[in-house]
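1. quick one, what's the 3D model for this:
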Amino acid sequence: MIVNSLKLARVRNRVPRLARLVALTGVALALAVQGHAQDAEAAHAAARSRGNAVTQWNAIAIDAFKPTQGTNPMAQSRSLAILHAAIHDALNAIDRRFESYTPGLADAHGASADAAVAAAAHEVLVAQVPEQTALVDDAYARALASIPNGAAKASGIAVGQASAAANMLRRLNDGSEQAAQPVFVPRSGPGEYQFTPPFDFAALPGWGRVKPFVIELRRHKLEGPDRLSSAEYAHDLAFVKAIGKSDSRIRTALPPTDRCTTCRNVVFATPVADRPVLSASVTAVAQLPTQSPALRT
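-> Predicted coordinates for the structure are as follows:
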């Protein structure tokens, strides 16, 4: 969906180069290596003033999330999905080349794409992170000030607002409001999950019941869990213990590419507020020589 939005913006000559697009997105923070965390932060900051409207508002959204949803990757993923669905549908109404995420938006040929993106993003962000309204309003005012007044601008604002409203309405009862319930209480006995100190709670234990944005859950049911007495369970438990212990020789024998992939997976599952520091640390560990003592701790 984000890709489609970027394609539309590029068609309108608003993406100078694809390589710059990748470097400027908020995802670049997750790929920072040791000694380059500040560079990644600088690239993120540059996205606010360069690139196209889509990358600019993606950067603004990440800034808005940091004090609140920046520590809640699940809520943040939902907000970003709504944001980019609204942007996509608004741009698609202007130049209808893809399937809409939320159907029903009227054609808006000739509307300003920049105004549409700004209006869609603004409406979603002030609704999802209302405590950051001042930051978002300021960015919105600056974005609109750079667009010439006229029918195209007005039409772009209207279609962006309509797209945001339609997409937020679609997600209104998706189960996210009830995701904190029921509160998880660990049970005793073999195979039962226990809290890992210092944590004494499970964050949003009902998130698995939130309606997905694309897939149908009934078509993606998982088998398991394996019986505790099964060979499969014994094999997986032994592997986790072998690779996870502090002096694991299996872990240190892994190729650097495998370790780097694992580190990146950890970073992408980490709240955005913590990514710059963590990404520099784990990627540096992934790049250490195979027999480095640091990989055994």
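2. hey, let's count contacts and neighbours off CA atoms from now on
-> OK.
3. just checking, V210 touches D174?
-> Yes - if you go by Cα atoms under 8 Å, V210 and D174 touch, sitting 5.6 Å apart.
4. give me the domain ranges for the protein.
-> As recorded under automatic domain parsing, the domains making up the chain are 2-16+51-178, 224-296.
5. confirm for me that L83 is in contact with A121.
-> Yes - the criterion here is Cα under 8 Å, and L83 meets it with A121 at 5.8 Å.
6. quick check: neighbours shared by these two?
-> Taking Cα atoms under 8 Å, 6 or more residues apart in numbering as the criterion, L83 and A121 both touch A164.
7. between these two, which one's more packed in?
-> Per other Cα atoms under 10 Å, whichever of L83 and A121 has more neighbours is A121, with 30 against 27.
8. which element is the more buried one on?
-> helix 113-128 (DSSP states H and E).
9. so which elements touch that helix?
-> In terms of contacts (3 or more Cα pairs under 8 Å, 6 or more residues apart in numbering; DSSP states H and E), helix 113-128 is packed against helix 53-65, helix 73-94, helix 133-145, helix 151-170.
10. nearest to K241, out of the ones you listed?
-> Proximity to K241 (Cα to Cα) singles out helix 73-94 among those, at 27.1 Å.
11. what helices or strands is that closest one leaning on?
-> Helix 73-94 sits against helix 2-11, helix 53-65, helix 113-128, helix 151-170, with contacts defined as 3+ Cα pairs under 8 Å, 6+ apart.
12. pLDDT below threshold where in the stretch 1-150 of the chain?
-> By pLDDT under 70, the weakly predicted segments of the stretch 1-150 of the chain are 1-50, 69-70.
13. what's the burial count for Q181?
-> So Q181, with other Cα under 10 Å, has 12 neighbours.
14. touching, it and R209? I think so.
-> No - applying Cα under 8 Å, one finds Q181 not in contact with R209, separated by 10.4 Å.
15. show me the contacts for R219.
-> By Cα under 8 Å, 6+ apart, R219 has no neighbours at all.
16. distance to Y193 added to the domains of the chain, as CSV?
-> Output for the domains of the chain, formatted as CSV (distance: least, Cα to Cα, whole Å):
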stretch, distance to Y193
domain 2-16+51-178, 20
domain 224-296, 12
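17. can you say which of those domains is packed in most?
-> Burial of the domains of the chain is given as mean neighbour count (mean count of other Cα atoms under 10 Å); domain 2-16+51-178 ranks first at a mean of 20.
18. which residues touch the nearest residue to M74 once chain neighbours are set aside?
-> Nearest in space to M74, with sequence neighbours left out and distances taken as Cα to Cα, 6 or more residues apart in numbering, is W207 at 7.8 Å. In this structure, W207 makes contact with M74, G175, S176, A179, A180, judged by Cα under 8 Å, 6+ apart.
19. and the residues you listed, which two are furthest apart?
-> For those, the farthest-apart pair by Cα to Cα is M74 and G175; their separation is 12.6 Å.
20. now A234: which helix or strand?
-> With secondary structure defined by DSSP H and E, A234 is part of helix 231-244.
21. what residues does that helix touch?
-> Contacts for helix 231-244 (Cα under 8 Å, 6+ apart): D226, R227, L228, S248, R249, I250, R251.
22. just the C-alpha atoms of it, please, in CSV.
-> Only the C-alpha atoms of helix 231-244 are listed here, as CSV (Å, rounded to 0.1, in the frame of the first residue of the first chain):
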residue,chain,number,x,y,z
ALA,A,231,9.6,-35.0,19.8
GLU,A,232,8.9,-31.7,18.1
TYR,A,233,8.6,-29.8,21.4
ALA,A,234,11.8,-31.5,22.8
HIS,A,235,13.7,-30.5,19.6
ASP,A,236,12.6,-26.9,19.7
LEU,A,237,13.3,-26.5,23.4
ALA,A,238,16.8,-28.0,23.1
PHE,A,239,17.5,-25.6,20.2
VAL,A,240,16.4,-22.5,22.1
LYS,A,241,18.5,-23.5,25.1
ALA,A,242,21.5,-24.3,22.9
ILE,A,243,21.5,-21.0,20.9
GLY,A,244,20.3,-18.8,23.8
